[in-house]
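Enquirer: model this:
(4 chains)
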2 protein chains.
Amino acid sequence: MRISDKHNKIIQAAIKVFAQKGFFSARISDIAKKAKVADGTIYLYFNNKYDILISIFEEEIGKIIVEVKRLIDQEEDPRKMLEIFAMEHMRMIRDRRNLAEVLQMELRQSNKFMREYRNTKFIEYVDIVSKIIHKGQEMNIFRKDVMPGVVKRAMFGALDETARLWILSPDNQYTIEEAAQQISTIFLCGIEQKS
Amino acid sequence: MRISDKHNKIIQAAIKVFAQKGFFSARISDIAKKAKVADGTIYLYFNNKYDILISIFEEEIGKIIVEVKRLIDQEEDPRKMLEIFAMEHMRMIRDRRNLAEVLQMELRQSNKFMREYRNTKFIEYVDIVSKIIHKGQEMNIFRKDVMPGVVKRAMFGALDETARLWILSPDNQYTIEEAAQQISTIFLCGIEQKS
DNA sequence: TAAAAAAGAATGAACGTTCATTCATAAATT
DNA sequence: AATTTATGAATGAACGTTCATTCTTTTTTA
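Expert: This is a model prediction of the structure:
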């Protein structure tokens, strides 16, 4: 068995356990059991519990960024790009629910116990939006009086909160893709340059 | 000293400590020290640590709801109402930063260790938005194809996330009131009935 | 090629610390 | 004096981490 296999098995198990219990309530022994390794083995691959969480951020968000960027780079129109971002974000949450839960939860409490860890991967991800806005403003498609820094946060927040509650009760009035559609429409109408 | 004095002293201390350290890293002894009471005294007023958190939700959000509702009820125009909600939400966060941090953080991780606790106060708060949307749709001011249930979450999420990051670095490009303004403008343009 | 030796990986019981909670005692109030 | 309220040291369960030991694989030797 390759080294990375065990590393990955632990990561995948940790995603599930963190998603189910939250970081603090998750036990190393839970993760070990789910990964089918001994407790001690985890410490051969990670420095400590906290390090497992960081690795989840680094490795898993990294993969997502690559994929979303790839899709967006195929587009020319910033309006389309924004739609794609919304849709892909929501689909990712639907298809990788456990990971999404970990990211959402720990992002929020992270400012407390991860003060020193600057979550550059996450920043990179959200910055995809501000880059799109900026591009649209240059092309005179989006109004110039909206601040890309505000829109990126607002847009991400809107998607994230909608997804969070959808996760809590997915048997909703709407599919997550409908929600993505509604949100990107609202934002597009909201920031469009009226000619 | 009245009973409620000590109860309140503990609540206020807990808000500060939870905001600073997060629920799990906060120590009962930290709260006791900040409230200037003995550790044991806390257990005369609360059943356990968790109960302190619940009380913060119940009591403090309750006060905010009353205040925001009062302001909104003075208005007739749903557009104005939405603006007021955005602005008041942001001002609340600016003025009661510690409380805001606790609510934001614990709301996110709450689904894990507060599964049984249905946060009715919070639901009530966010429902203010969907009621406004609904009213606007009845008055033919807002488009009928947007779903109030999506908009309330999107709007709340947009405000919340923007505020969260503003809290992390308040020395920003924009004031929190500018952000509120931008967000309510985006949403208003985004859901307005084009006549 | 088979046996022996070394290196590397994995194990899980045990350790030691950390804290929420308790409770015997003290102080304050009535 | 009796009752209520407050104290803070003591308790003990929980759990992250360690490490002596075992198991597996690779390398060396004959």
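
Enquirer: residues from chain A in reach of DNA strand D?
Expert: Within chain A, the positions near DNA strand D by C-beta under 7 Å from any atom of the strand are A:S25, A:A26, A:R27, A:I28, A:S29, A:D39, A:G40, A:Y43, A:N48, A:K49, A:Y50. Yep, even glycine has a C-beta here, placed from its N, CA and C like the rest.

Enquirer: Of all pairs in the residues you listed, which one spans the longest distance?
Expert: The most widely separated members of the residues of chain A next to DNA strand D are A:S25 and A:G40, with 21.3 Å between them, by C-beta to C-beta.

Enquirer: Tabulate the CA atom coordinates of the longest helix along chain A in PDB.
Expert: Scanning chain A for the helix with the most residues, using DSSP state H, yields helix A:148-168. Output in PDB follows, covering the C-alpha atoms of helix A:148-168 (Å, rounded to 0.1, in the frame of the first residue of the first chain):
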ATOM      1  CA  PRO A 148     -15.900  43.800  -6.100                       C
ATOM      2  CA  GLY A 149     -14.800  43.200  -2.500                       C
ATOM      3  CA  VAL A 150     -18.300  43.500  -1.200                       C
ATOM      4  CA  VAL A 151     -19.900  41.600  -4.000                       C
ATOM      5  CA  LYS A 152     -17.600  38.600  -3.700                       C
ATOM      6  CA  ARG A 153     -18.400  38.300   0.000                       C
ATOM      7  CA  ALA A 154     -22.100  38.900  -0.500                       C
ATOM      8  CA  MET A 155     -22.300  36.400  -3.300                       C
ATOM      9  CA  PHE A 156     -20.300  33.800  -1.500                       C
ATOM     10  CA  GLY A 157     -22.300  34.400   1.600                       C
ATOM     11  CA  ALA A 158     -25.600  34.100  -0.200                       C
ATOM     12  CA  LEU A 159     -24.600  30.800  -1.800                       C
ATOM     13  CA  ASP A 160     -23.100  29.400   1.400                       C
ATOM     14  CA  GLU A 161     -26.000  30.200   3.700                       C
ATOM     15  CA  THR A 162     -28.500  28.900   1.200                       C
ATOM     16  CA  ALA A 163     -26.500  25.700   0.900                       C
ATOM     17  CA  ARG A 164     -26.000  25.400   4.600                       C
ATOM     18  CA  LEU A 165     -29.700  25.400   5.200                       C
ATOM     19  CA  TRP A 166     -30.400  23.100   2.200                       C
ATOM     20  CA  ILE A 167     -28.000  20.600   3.800                       C
ATOM     21  CA  LEU A 168     -29.900  20.700   7.000                       C
END
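
Enquirer: Following element in sequence after that helix, please.
Expert: Remark: after helix A:148-168, the chain's next helix or strand is helix A:176-191, criterion DSSP states H and E.

Enquirer: What lies in contact with stretch A:72-89?
Expert: For stretch A:72-89, contacts defined as C-beta atoms under 8 Å, 6 or more residues apart in numbering or on different chains pick out A:67-68, A:71, A:128-129, A:132-133, A:135-136, A:139, A:141-142, A:155-156, A:159, A:163, A:177, A:180-181, A:183-184, A:187-188, A:192.

Enquirer: which among those end up buried?
Expert: For the contacts of stretch A:72-89, a burial check counting by 16 or more other C-beta atoms under 10 Å in any protein chain shown picks out A:68, A:128-129, A:132-133, A:135-136, A:141-142, A:155-156, A:159, A:163, A:180-181, A:183-184, A:187-188, A:192.

Enquirer: now chain A, which segments are flagged as low pLDDT?
Expert: Within chain A, the ranges that satisfy pLDDT under 70 run A:1-4, A:109-116, A:118, A:171.

Enquirer: could you pull out the strands for it?
Expert: Ranges of strands within chain A: none, based on DSSP state E.

Enquirer: And the helices in it?
Expert: Counting by DSSP H, chain A has helices at residues A:3-21, A:28-35, A:39-45, A:49-55, A:62-73, A:78-95, A:97-113, A:120-138, A:148-168, A:176-191.

Enquirer: Dump these into TSV; add distance to B:L107 as well.
Expert: TSV is the format used below for those (distance: least, C-beta to C-beta, whole Å):
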stretch	distance to B:L107
helix A:3-21	17
helix A:28-35	24
helix A:39-45	30
helix A:49-55	20
helix A:62-73	24
helix A:78-95	17
helix A:97-113	8
helix A:120-138	19
helix A:148-168	9
helix A:176-191	19
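
Enquirer: if we can go back for a sec, take the residues of chain A next to DNA strand D and write them to a markdown table, including distance to DNA strand C.
Expert: Formatted as a markdown table, the residues of chain A next to DNA strand D follow (distance: C-beta to the nearest atom of the strand, whole Å):
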| residue | distance to DNA strand C |
| --- | --- |
| A:S25 | 12 |
| A:A26 | 16 |
| A:R27 | 11 |
| A:I28 | 9 |
| A:S29 | 8 |
| A:D39 | 4 |
| A:G40 | 2 |
| A:Y43 | 7 |
| A:N48 | 13 |
| A:K49 | 13 |
| A:Y50 | 14 |
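
Enquirer: follow-up on the earlier one: so between A:S25 and A:G40, which is more surrounded?
Expert: More crowded of A:S25 and A:G40, by other C-beta atoms under 10 Å in any protein chain shown: A:S25, with 14 against 9.

Enquirer: Roughly how far does that one sit from A:K144?
Expert: When distance is defined by C-beta to C-beta, to the nearest Å, A:S25 is 47 Å away from A:K144.
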